[in-house]
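*Asks:* Only the shape, not the letters, is given here:
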């Protein structure tokens, strides 16, 4: 069991990192990575939404959708639930962390349709290609493993976005041709990061 | 159509619909509760102030944009006078909204206190990307001998939201008609040689070098050598020499331009 959890950690953070390997959730990854503090906030917000979403969607799928034979509607249900969760999170953040709320701006509602969050909820009910890596059969993860994976996936997102913001903060200080300044160089940085992370898929 | 109607399983359709409504209801109630618990009172002042601010997002006030400045003002932390790109009437209106008195300040403009450029001697031939912050970081203050020379790289020109700065003969020149004195160039300049002067001023000192005459002679052909001619010849006594540089008291200056004529180095610039 510990072995599986460790493998999940490695898988979610490096081998199948949601942002730089699977290219899910790239919108906030590029949008909120201008400074480290708001990037960290975004990472934490996404992690919280991932865990909450998995907590709701996994039982919904296993105990309601599958017995009723309407599991093919999972994506619609999941988006619905994630959107509602993000609405709540937005209200909570506005009350308790207004500075983070204003720095996240438009990107907070965008978690609503963030494919990284949807990806986690889909992946934990399916298991997909990770059977060989984790040693548990697809579709038999159980709520415990699913939540742990969601946590690690969120940390993977956090890692990627914080690293990206660090790089961008540095690059911001350099002079460079106008055509590369700002967003274009961020795309180049993201590409390099993805290439670096790609090495982990050889494990 | 008959085929379509037969292939729909209305029982399952009902279940899905019911499930959707059930989930929607649960979440709606949850969101309602959370909204009630986490109620934040919106400040209507901010929007009213933002509407009246200059709106160029120049950053001259020190905030990241007009919205941030409006927020700061509404919280009672900022000073309306920090914004130089808002018109006078609007500044008064904002002051009224905030319930504070605004001090009548003289309209100002920015000037680059250097006229060296091609006249300033270079330490070496620089070939590479022309950018003030880059050059001054990489070569201990740029490639000119004079430590306070305008590098002509155009950092201020890039930052100017009003397109008021041009680079003429290697020196930034600020167009008075366009300058709103927002201060974006002042923070952008790595050499700190851009300053605010009253808008009614007719002349300014085009040099920031505080070294003695001999050193300036070797560095620049238009640098101030602190001869003091302008201070002696000024009919109003508006010019004093401080740290080897003339300082103009603009409250006394009448704009006669005697100083421009007597300056042996042509350092004093007309606007």
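*Replies:* Everything's here; your move. Note that the structure is predicted; figures quoted are calculated from it, not measured. Numbering: from 1, shown residues only, chains lettered A, B, ... in the order given.

*Asks:* Are we agreed that residue A:196 is in a helix?
*Replies:* Yes - per DSSP: H, G, I helix; E, B strand; the rest coil, residue A:196 lies within a helix segment.

*Asks:* Check it and give its pLDDT.
*Replies:* Reported pLDDT at residue A:196 in the predicted model: 91.

*Asks:* So for the host helix or strand of residue A:66, mean pLDDT?
*Replies:* Here residue A:66, judged by DSSP states H and E, is contained in helix A:66-68. What helix A:66-68 shows for mean pLDDT is 85.

*Asks:* And for stretch A:71-90?
*Replies:* According to the model, stretch A:71-90 has a mean pLDDT of 86.

*Asks:* swap in stretch A:117-129?
*Replies:* Confidence for stretch A:117-129, expressed as mean pLDDT, is 80.

*Asks:* Same question for stretch B:30-47.
*Replies:* 79.

*Asks:* is it true that residue B:231 touches residue B:241?
*Replies:* Yes - the criterion here is CB atoms under 8 Å, and residue B:231 meets it with residue B:241 at 5.3 Å. C-beta here means a position set from N, CA and C on the backbone, and glycine is covered the same way.

*Asks:* Have a look at these two and say which one is more surrounded.
*Replies:* Taking neighbours as other CB atoms under 10 Å in any protein chain shown, residue B:231 and residue B:241 compare with residue B:231 leading, 19 against 15.

*Asks:* Let's verify the more buried one: helix, strand, or coil?
*Replies:* Assigned with three-state DSSP, residue B:231 falls in the helix class.

*Asks:* Leaving out chain neighbours, which residue sits closest to it?
*Replies:* Among residues not flanking residue B:231 along the chain, residue B:239 sits closest, at 4.4 Å (CB to CB, 6 or more residues apart in numbering or on different chains).

*Asks:* Next, find the distance separating that neighbour from residue B:227.
*Replies:* Using CB to CB, to the nearest Å, we find residue B:239 at a distance of 12 Å from residue B:227.

*Asks:* Comparing the two, which residue is more hemmed in?
*Replies:* Higher neighbour count among residue B:239 and residue B:227: residue B:239, with 24 against 17, using other CB under 10 Å.

*Asks:* measure that one to residue A:73 for me?
*Replies:* 83 Å.

*Asks:* Surely the residue nearest to residue B:231 and residue B:245 touch.
*Replies:* No - counting by CB under 8 Å, residue B:239 does not reach residue B:245; the two are 10.2 Å apart.

*Asks:* re earlier: which residues belonging to the helix holding residue A:66 are considered buried?
*Replies:* When neighbours are counted by 16 or more other CB atoms under 10 Å in any protein chain shown, no buried residue of helix A:66-68 is found.

*Asks:* got the contact list for that helix?
*Replies:* Applying CB atoms under 8 Å, 6 or more residues apart in numbering or on different chains, the set of residues contacting helix A:66-68 from outside is B:12, B:15, B:19.

*Asks:* and the second one, how many residues sit next to it?
*Replies:* Okay, so that is residue B:15. Look at residue B:15: counted by other CB under 10 Å, it has 15 neighbours.

*Asks:* right, and it touches residue A:70 too?
*Replies:* Yes - at 6.8 Å, residue B:15 counts as touching residue A:70 under the criterion of CB under 8 Å.

*Asks:* Which positions in chain A make contact with chain B?
*Replies:* A:64, A:68-70, A:73, A:77, A:80-81, A:84, A:87-88, A:91-92, A:94-96, A:98, A:174-177 (CB under 8 Å from any CB of the partner chain).

*Asks:* tell me the SS of the residue nearest to residue B:204 when sequence neighbours are not counted?
*Replies:* Excluding the flanking residues, the one nearest residue B:204 by CB to CB, 6+ apart is residue B:111, at 4.8 Å. Three-state call for residue B:111 (three-state DSSP): strand.

*Asks:* Number of residues surrounding residue B:111?
*Replies:* Neighbourhood size, residue B:111 [other CB under 10 Å]: 24.

*Asks:* dump the residue contacts of it.
*Replies:* Listed by CB under 8 Å, 6+ apart, the contact set of residue B:111 reads B:174, B:194, B:195, B:196, B:197, B:204, B:269, B:271.

*Asks:* how far away is residue A:199 from residue A:17?
*Replies:* Separation of residue A:199 from residue A:17 (CB to CB): 12 Å.

*Asks:* Between these two, which is the more surrounded one?
*Replies:* Neighbours per residue (other CB under 10 Å) separate residue A:199 from residue A:17, with residue A:17 holding more: 25 against 10.

*Asks:* Low-confidence ranges, the stretch 1-150 of chain B, go.
*Replies:* For the stretch 1-150 of chain B, the stretches with pLDDT under 70 are B:1-6, B:41-43, B:103-105.

*Asks:* what about the strands in it?
*Replies:* Assigned by DSSP state E, counting those that start in this stretch, the stretch 1-150 of chain B shows strands spanning B:108-112.

*Asks:* Next to chain A, which bits of it? Give me the list.
*Replies:* B:12, B:15-16, B:19-20, B:23-24, B:27, B:30-31, B:34-35, B:37-40, B:129, B:131, B:133-134.

*Asks:* Buried among those? Make that a PyMOL selection.
*Replies:* Those of these that count as buried under 16+ other CB under 10 Å are selected in PyMOL with:
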select buried, chain B and resi 16+19+23+27+31+34+131+133+134
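
*Asks:* quick one, helices of the chain?
*Replies:* Picked chain A for this. A:2-10, A:26-31, A:36-59, A:66-68, A:74-96, A:98-104, A:107-110, A:115-126, A:131-134, A:142-172, A:183-198 (DSSP state H).

*Asks:* ah, no, chain B please
*Replies:* Along chain B, counting by DSSP H, helices occupy B:2-7, B:10-37, B:44-52, B:66-74, B:88-98, B:132-138, B:155-159, B:184-188, B:213-219, B:229-233, B:258-262.

*Asks:* which stretch among the ones you listed comes nearest residue A:141?
*Replies:* helix B:10-37 (22.4 Å; CB to CB).

*Asks:* quick one: the closest one to chain centroid distance?
*Replies:* Relative to its chain's centre, helix B:10-37 lies at 52 Å (CA atoms, centre = their mean, to the nearest Å).

*Asks:* Quickly note the distance from the residue nearest to residue B:134 when sequence neighbours are not counted to residue A:158.
*Replies:* Distance criterion CB to CB, 6+ apart; nearest residue to residue B:134, sequence neighbours excluded, is residue A:175 at 3.9 Å. Distance of residue A:175 to residue A:158, given as CB to CB: 31 Å.

*Asks:* Please identify which of these two sits among more neighbours.
*Replies:* Shown here are residue A:175 and residue A:158; by other CB under 10 Å, residue A:158 has more neighbours (21 against 18).

*Asks:* Just confirm residue A:55 contacts residue A:144, I think it does.
*Replies:* No - Residue A:55 lies out of contact with residue A:144 (CB under 8 Å); the separation is 11.1 Å.

*Asks:* the more surrounded of the two?
*Replies:* Neighbours per residue (other CB under 10 Å) separate residue A:55 from residue A:144, with residue A:55 holding more: 16 against 11.

*Asks:* residues touching that one, list them.
*Replies:* Residues near residue A:55 by CB under 8 Å, 6+ apart: A:143, A:147.

*Asks:* circling back to that earlier point, the residue nearest to residue B:134 contacts residue B:136, correct?
*Replies:* No - Residue A:175 is not in contact with residue B:136 according to CB under 8 Å; the separation is 10.9 Å.
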